[in-house]
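Participant: coords please:
(2 chains)
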Number of protein chains: 2
Amino acid sequence: MDKILRIDMGAEGGPRATASPVGAYTGLGGRGLTSSIVSKEVDPLCHPLGPGNKLIIAPGLLSGSIAAMSGRISVGCKSPLTGGIKEANAGGQPSQMLARLGYTAIVLEGKPKNGSLYKIFINKDGVKISEDMSLKMLSNYQVVEKMKGEFGNKIACISIGQAGEMRLSAASIAFTDMELRPTRHAGRGGVGAVMGSKGVKVIVVDDTDLPMCQPKDPEKFRAANIKFVEGLRAHAVTGQALPSYGTNVLTNIINEAGGYPTYNFKQGRFRGAAKISGETYAELETKRGGLATHGCHKGCVIRCSGIYNDKDGHFISKQPEYETVWAHGGNCGIDDPDKIAMLDFLDDDIGLDTIEMGATIGVAMDGGLIQFGDADGAINLIKEIGKGTPLGHIIGSGAEVTGKVFGVEKVPVVKGQALPAYDPRAVQGMGVTYATSPMGADHTAGYAVATNILKVGGDVDPLKPAGQVELSRNLQVATAAVDSTGMCLFIAFAILDQPETFQALLDMLNAFYGIELTAEKVVELGKTILTLERDFNIRAGFTSKQDRLPLFFKNEPLPPHNVTFQVKDEELDTVFNW
Amino acid sequence: MDKILRIDMGAEGGPRATASPVGAYTGLGGRGLTSSIVSKEVDPLCHPLGPGNKLIIAPGLLSGSIAAMSGRISVGCKSPLTGGIKEANAGGQPSQMLARLGYTAIVLEGKPKNGSLYKIFINKDGVKISEDMSLKMLSNYQVVEKMKGEFGNKIACISIGQAGEMRLSAASIAFTDMELRPTRHAGRGGVGAVMGSKGVKVIVVDDTDLPMCQPKDPEKFRAANIKFVEGLRAHAVTGQALPSYGTNVLTNIINEAGGYPTYNFKQGRFRGAAKISGETYAELETKRGGLATHGCHKGCVIRCSGIYNDKDGHFISKQPEYETVWAHGGNCGIDDPDKIAMLDFLDDDIGLDTIEMGATIGVAMDGGLIQFGDADGAINLIKEIGKGTPLGHIIGSGAEVTGKVFGVEKVPVVKGQALPAYDPRAVQGMGVTYATSPMGADHTAGYAVATNILKVGGDVDPLKPAGQVELSRNLQVATAAVDSTGMCLFIAFAILDQPETFQALLDMLNAFYGIELTAEKVVELGKTILTLERDFNIRAGFTSKQDRLPLFFKNEPLPPHNVTFQVKDEELDTVFNW
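Facilitator: Residues are numbered from 1 along each chain as shown, chains lettered A, B, ... in the order given. Purely as a prediction, here's the structure:
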């Protein structure tokens, strides 16, 4: 993890790879690194699909080591969806493998002039870039299958589906899981479109013969990791709820709280919630020979994923995440778990952000394109994207474009990015994060649900504005830091509630790098990252006016609590006043 | 002209019309009035298609009188295309008739809840609003034909085609000409989508039995008007070039100057220019029994329009404007005058901005959707809009959305609005106007072509940055004032060059209203209008970053002069420093 691999896709004579020392970016990983490179090297006014944009793929600070939960990987660029800076991260195997190959980041630069499509193979012997037009318009599952045929089973893949090739603003980048399936996605903000614009279909990673990344102080590191894992296992969320039901444990909880956006954000409870809850999915998974508890990468001890089969025992998709189940479920009035799993699979296969897709279909339903509850209609809309039809191009461009193209007034986006699965009227802290995060509406940027609903890290009334700005501020700062470690964000539940687990994380970082990180320095890191992200957006033309929810959240009360979003604009503008 | 007609389309129990005194808006007309109402009454953060937006239709200060050239009409709202304030104006008959009916403006407010479609009939007896679902998805020519059947031939119509009903961002509002054809359009910024969102298909105006609007001092007024007309006839542009060849006289001129954007702004000269020049059109019009010189409204003495027939003498369209011929012609590599006239007709019929449509098709061609030069392909794309297909929805949403949906990097827009027919690299003063006008890229907002190319009002080298900011500033101020008079903007050629003609205009205004308007006050009026327009945009979230041309104008030299846009960002930011 001491070099950056830069690949100039627009170099004269064809793409050229250069590995160089980390230099000025030393000490950074994950989001801290991607946002630093974007901030420093990308013109905020460049076209997101032009040669001036860069796509940075960066493992975290502890990726590649034996540290539990250290398999997240960050993707950064200027976003074609928001027009601002973007970091989207994912689980899967590539993070650990890239780290072991010694790469702090891969940076895709430039743009091929001729519309060529490339595959990149990286192993201990170096980097091989080959044009391969046979990959054209393959889906993610297809391209991974093809790579397995070429390079064997010990690889991991980073790929785009048809959506990324078509440079659609909702295109994701897929990372393969432990079963070598392209199920883990850096979903948000159209990062897949940027990879598509660089002409890169797939990056194949092979860490054969390479050892784990070694800490400076192995003994301290091992001891801290044991404490860290104990802490995760002891906490109710990471030790019980997530392993048992995955993220979809939230369906019943958020629905009960009246914050489950239903029918394109018209109400906060969905009648069909029980049919698509985590409990229901887990039962079906067990009954049908799938898996209710499964990790997305080696070294995961929370194991919030799973494998979902159809009634005949055939694989449909990985266990759909809560956000996906909501987006394609309640938000669209769909309560069939099999259809939702099929939508999840199609999104993964074509390479699409499930949140953006569910929100987009909700907008399309609101505009009368198909009816709420029409699961087959929703499936067809996603299939249109894979086929590359004009309708597919619209839907694949996300909720804002779809709303504009079909003249729909009610479009739940901030900075052009669709809101996730928590209505900001009933979870007001979440509303502050949606409005102000430099990423656009993003639940992971400052997960106020924790304290508003789950009562982790304190208790702030979700229906009132009091305390939400401070809550969101602290969470956004902490998240920016966690996103830089390469740790799964879910560790936040345990480290927010258990000081000794937080200390164990610090001890791991310190033992690994031989540094003296303190809680204060972690906070400083988070603030530094947020500051440079916001600065990029300001240079791209964003003002406080972009730090706002759509007006209907202020004007239309949400049943059952009949509340509106109450945090004042002036308060939103203080989120980043440290 | 002493009352404002407000129609609340969302009133309980159905739309309700109320006429009230002009009040605080006294002394304002045209753009001055529309921008004042938008600025004061519309929340800059509202959804352009929501009930909070207002659509203002306002004749000019001298409309309805015998003053020559006084038949322009302004339409204002928050634009669905740019997200900022919008004024688009048009010729045709409704301006004079509305003025004689005593209306300073019609203001459409609110929004019907049930998707109903209405027609509004206004005559000396008052206002009648009727739901009429039989109008649904009629084209402009169809709806006008139907209105003639219902209300006779003495009417004028303000209508939207299918594009406006579908609330597409490139939808225009049509105003009928002297032949009761819907050929004059308030084209830019999607004003037709706002009319569609209000559920208004057509406003029928009948001024039967009503006299001309009377000046306070008829003698002085008449004398000034004679001098004014003499001035217009004496100037080479308004007295000769425009009457002979219409606005399309510019094709040869701008092409010769190397500023004719060709193949989606790739080069500044088009090989096929001569085939689609104003000279060629005039010859064909005369030969085929059309008309090469014709007014768009009664009282026009420039008569820059015409009537274009096919080779069998059947009407295709009015004489296409230069901007239209360019947009559908050189910009798309099309050099067939009949096909361009057909595209002009289709745009008018479906209700679309011809500039936005040509630019959009250019972007679609650049993205490989159809080939440059494919006239039938272009015609089909426009027809798709009329049919309401997904592809039609995309194209009808304009160049920016089309670029986004098809992943095209080179999209010539400012503030989301397509650039008109002068490449800002070869006509740098125009670039300043495109970049900084509160309207988005708009040639009419400050027509620097006059001084850069035609040498009217001075001589500023078009290829150099020197003097362009001052030129654009002065023209933007003057234009904002002229747009408020209801005068055709083409009078600017004569009043810029001939002080006595400018004085005649002032004399007319003074004689009409019994006021003491001076040149200084006209400048003040222009500045006031621009200031409040910019203020609206700032409140809507715009910053100086939106006052920029797309980067490729800075980076890619334009043949044949091989120049880039040279005016610096810091200079652009001084345009509105009076």
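
Participant: contacts and neighbour counts: CA atoms only from here.
Facilitator: Fine.

Participant: Next, A:Ile106: phi, psi?
Facilitator: phi -110, psi 130 (degrees, to the nearest 10).

Participant: In the stretch 101-250 of chain A, what residue lies closest to chain B?
Facilitator: In the stretch 101-250 of chain A, the residue that lies nearest chain B is A:Arg167 (5.1 Å; CA to the nearest CA).

Participant: which residues sit in contact with A:Gly392?
Facilitator: A:Leu381, A:Ile382, A:Lys383, A:Glu384, A:Ile385, A:Gly386 (CA atoms under 8 Å, 6 or more residues apart in numbering or on different chains).

Participant: So which of those residues are in helices?
Facilitator: A:Leu381, A:Ile382, A:Lys383, A:Glu384, A:Ile385, A:Gly386 (DSSP state H).

Participant: hang on, the earlier thing: any chance of the contacts of A:Gly392 in JSON lines with distance to chain B as columns?
Facilitator: As requested, these are arranged in JSON lines below (distance: CA to the nearest CA, whole Å):
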{"residue": "A:Leu381", "distance to chain B": "12"}
{"residue": "A:Ile382", "distance to chain B": "14"}
{"residue": "A:Lys383", "distance to chain B": "15"}
{"residue": "A:Glu384", "distance to chain B": "11"}
{"residue": "A:Ile385", "distance to chain B": "11"}
{"residue": "A:Gly386", "distance to chain B": "14"}
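
Participant: Measure how buried the residue nearest to A:Thr262 when sequence neighbours are not counted is and give me the count.
Facilitator: In this structure, A:Thr262 finds its nearest non-sequential neighbour in A:Asn331, 4.3 Å apart by CA to CA, 6 or more residues apart in numbering or on different chains. Look at A:Asn331: counted by other CA atoms under 10 Å in any protein chain shown, it has 33 neighbours.

Participant: correct me, but A:Asn331 touches A:Tyr263?
Facilitator: Yes: between A:Asn331 and A:Tyr263 there is a contact under CA atoms under 8 Å: 4.7 Å.

Participant: follow-up on the earlier one: need the phi and psi values for the residue nearest to A:Thr262.
Facilitator: The phi/psi pair for A:Asn331 (degrees, to the nearest 10) is phi -60, psi -30.

Participant: now A:Tyr322
Facilitator: phi -50, psi -50.

Participant: and what of A:Met508?
Facilitator: The phi/psi pair for A:Met508 (degrees, to the nearest 10) is phi -60, psi -50.

Participant: any idea how far A:Val325 is from A:Met342?
Facilitator: For A:Val325, the distance to A:Met342 equals 11 Å [CA to CA, to the nearest Å].

Participant: And the contacts of the helix or strand hosting A:Glu500?
Facilitator: Element membership for A:Glu500 (DSSP states H and E) is helix A:499-513. Contact partners of helix A:499-513, identified using CA under 8 Å, 6+ apart, comprise A:61-62, A:67, A:214-218, A:220-222, A:224-225, A:227-228, A:231-232, A:494-496, A:515-519.

Participant: what about burial for those, which qualify?
Facilitator: Neighbour counting over these (16 or more other CA atoms under 10 Å in any protein chain shown) leaves A:61-62, A:67, A:215, A:220-222, A:224-225, A:227-228, A:231-232, A:494-496 as the buried ones.

Participant: which one of those sits closest to B:Gly367?
Facilitator: Taking CA to CA as the measure, B:Gly367 sits nearest to A:Leu61 out of the buried ones among the contacts of helix A:499-513, at 40.3 Å.

Participant: pretty sure A:Gly373 is touching A:Asn331, no?
Facilitator: No: using CA under 8 Å, A:Gly373 is not in contact with A:Asn331; the gap is 9.2 Å.

Participant: Looking at the buried ones among the contacts of helix A:499-513, which are in helices?
Facilitator: A:Lys220, A:Phe221, A:Arg222, A:Ala224, A:Asn225, A:Lys227, A:Phe228, A:Gly231, A:Leu232, A:Ala494, A:Ile495, A:Leu496.

Participant: Same drill for A:Val325 and A:Met342, tell me which one is more crowded.
Facilitator: A:Val325 (32 against 20).

Participant: In terms of residue numbering, what are the domains of chain A?
Facilitator: A:3-206, A:248-423 (automatic domain parsing).

Participant: export those to CSV and tack on mean pLDDT and distance to B:Val194?
Facilitator: Output for the domains of chain A, formatted as CSV (pLDDT from 0 to 100; distance: least, CA to CA, whole Å):
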stretch, mean pLDDT, distance to B:Val194
domain A:3-206, 97, 25
domain A:248-423, 97, 10
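
Participant: Switch the ones in helices among the buried ones among the contacts of helix A:499-513 over to TSV; also include pLDDT and distance to B:Tyr118.
Facilitator: Listed next are these as TSV, based on pLDDT from 0 to 100; distance: CA to CA, whole Å:
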residue	pLDDT	distance to B:Tyr118
A:Lys220	97	76
A:Phe221	97	73
A:Arg222	96	74
A:Ala224	97	72
A:Asn225	96	70
A:Lys227	97	71
A:Phe228	96	67
A:Gly231	96	66
A:Leu232	96	63
A:Ala494	94	60
A:Ile495	92	60
A:Leu496	90	58
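
Participant: With distance to chain B added, can I get the residues you listed in CSV?
Facilitator: Shown next, in CSV, are those (distance: CA to the nearest CA, whole Å):
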residue, distance to chain B
A:Lys220, 50
A:Phe221, 47
A:Arg222, 48
A:Ala224, 47
A:Asn225, 45
A:Lys227, 48
A:Phe228, 45
A:Gly231, 45
A:Leu232, 43
A:Ala494, 39
A:Ile495, 38
A:Leu496, 36
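
Participant: Let me have those in TSV, adding distance to B:Gly196 as columns.
Facilitator: Formatted as TSV, those follow (distance: CA to CA, whole Å):
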residue	distance to B:Gly196
A:Lys220	68
A:Phe221	65
A:Arg222	66
A:Ala224	64
A:Asn225	62
A:Lys227	63
A:Phe228	60
A:Gly231	59
A:Leu232	56
A:Ala494	53
A:Ile495	53
A:Leu496	51
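
Participant: of those, closest to B:Lys54?
Facilitator: Using CA to CA, these come closest to B:Lys54 at A:Leu496, 48.8 Å.

Participant: Please give me every residue in contact with that closest one.
Facilitator: A:Leu496 neighbours (CA under 8 Å, 6+ apart): A:Val456, A:Gly457, A:Phe502.

Participant: If we use 10 Å, what do you get?
Facilitator: A:Ala450, A:Thr451, A:Val456, A:Gly457, A:Gly458, A:Leu475, A:Ala478, A:Phe502 (CA atoms under 10 Å, 6 or more residues apart in numbering or on different chains).

Participant: List only those of those residues flagged as buried.
Facilitator: Looks like the contacts of A:Leu496 have A:Ala450, A:Thr451, A:Val456, A:Gly457, A:Leu475, A:Ala478, A:Phe502 buried, using 16+ other CA under 10 Å.

Participant: isn't there a helix covering the second one?
Facilitator: This points to A:Thr451. Yes: the assignment for A:Thr451 by DSSP: H, G, I helix; E, B strand; the rest coil puts it in a helix.

Participant: That one touches A:Val460, doesn't it?
Facilitator: Yes: the pair A:Thr451 and A:Val460 qualifies as a contact (CA atoms under 10 Å) at a distance of 5.9 Å.

Participant: Pull up the overlap in contacts between those two.
Facilitator: In contact with both A:Thr451 and A:Val460: A:Val427, A:Gly429, A:Gln468, A:Leu471, using CA under 10 Å, 6+ apart.

Participant: Grab the nearest non-local neighbour of the first one.
Facilitator: Which is A:Val427. A:Pro462 (4.6 Å).

Participant: helix/strand/coil for that neighbour?
Facilitator: A:Pro462 - assigned by three-state DSSP - is coil.

Participant: does any part of the helix or strand harbouring A:Ala341 sit near chain B?
Facilitator: Using DSSP H and E, A:Ala341 falls within helix A:337-350. No: counting by CA under 10 Å from any CA of the partner chain, no contacts exist between helix A:337-350 and chain B, the nearest distance being 16.1 Å.

Participant: Following the chain onward from that helix, which element is next?
Facilitator: helix A:354-366.
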